[in-house]
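K.L.:
After the sequence you'll find the predicted model.
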Amino acid sequence: DLIVHVRDITHPETILQKATVLSVLKNLNLPSHLLESMVEVHNKVDLTERYKPTEENTLAISALHGHGLEELKEEIEKKILTATGKKILTVNINLEGPQLSWLYKEATVQEVEVMPEDGTARVKVIISNSAFGRYKNLFPN
């Protein structure tokens, strides 16, 4: 669904390495949308002073120090959701009904926050558009 190309930006041949990777990927006859949506990650930015990537769709990180990893995670999540036609939603459900069980079967449940005072829960899910449509038809409230 997604290609993430991580480069050591401090390597003296980093530009040549990028060209080689792109050449190999093109020779694999991958779908063009995969190559177009590729995320390029420049690692080891902690070893260069005030590094800023100049290329589009590029994130600068330091895996050693954790710099930029949250942005990388968000970018990967966004692109995967787009590529798979899914979205992240938070829905409020009544715990006495079948909604939670249905969501566990038809979606990926990420978090469940129970409100015991009123017997409801706030449920964060990853769900396809079609499954969400079925959910709305089954549970209109």
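P.N.:
Thanks, I have the structure now. Numbers count the residues shown, from 1 in each chain.
K.L.:
which element is residue 89 on?
P.N.:
Element membership of residue 89, judged by DSSP states H and E, is strand 86-94.
K.L.:
can you give me how far that strand is from the chain middle?
P.N.:
Relative to its chain's centre, strand 86-94 lies at 17 Å (Cα atoms, centre = their mean, to the nearest Å).
K.L.:
okay, the next helix or strand after it in CSV with CA atoms only?
P.N.:
Per DSSP H and E, strand 86-94 leads on to helix 99-106 as the next helix or strand towards the C-terminus. Extracted C-alpha coordinates of helix 99-106, given in CSV (Å, rounded to 0.1, in the frame of the first residue of the first chain):
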residue,chain,number,x,y,z
GLN,A,99,-22.7,-1.9,18.1
LEU,A,100,-19.4,-2.7,19.9
SER,A,101,-19.5,-6.3,18.9
TRP,A,102,-20.2,-5.3,15.3
LEU,A,103,-17.3,-2.8,15.3
TYR,A,104,-14.9,-5.5,16.5
LYS,A,105,-16.0,-7.8,13.7
GLU,A,106,-16.1,-5.2,10.8
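K.L.:
what number of residues lie near residue 1?
P.N.:
A count of nearby residues for residue 1, using other Cβ atoms under 10 Å, gives 12. For the C-beta atoms, the positions are set from N, CA and C on the backbone; glycine is no exception.
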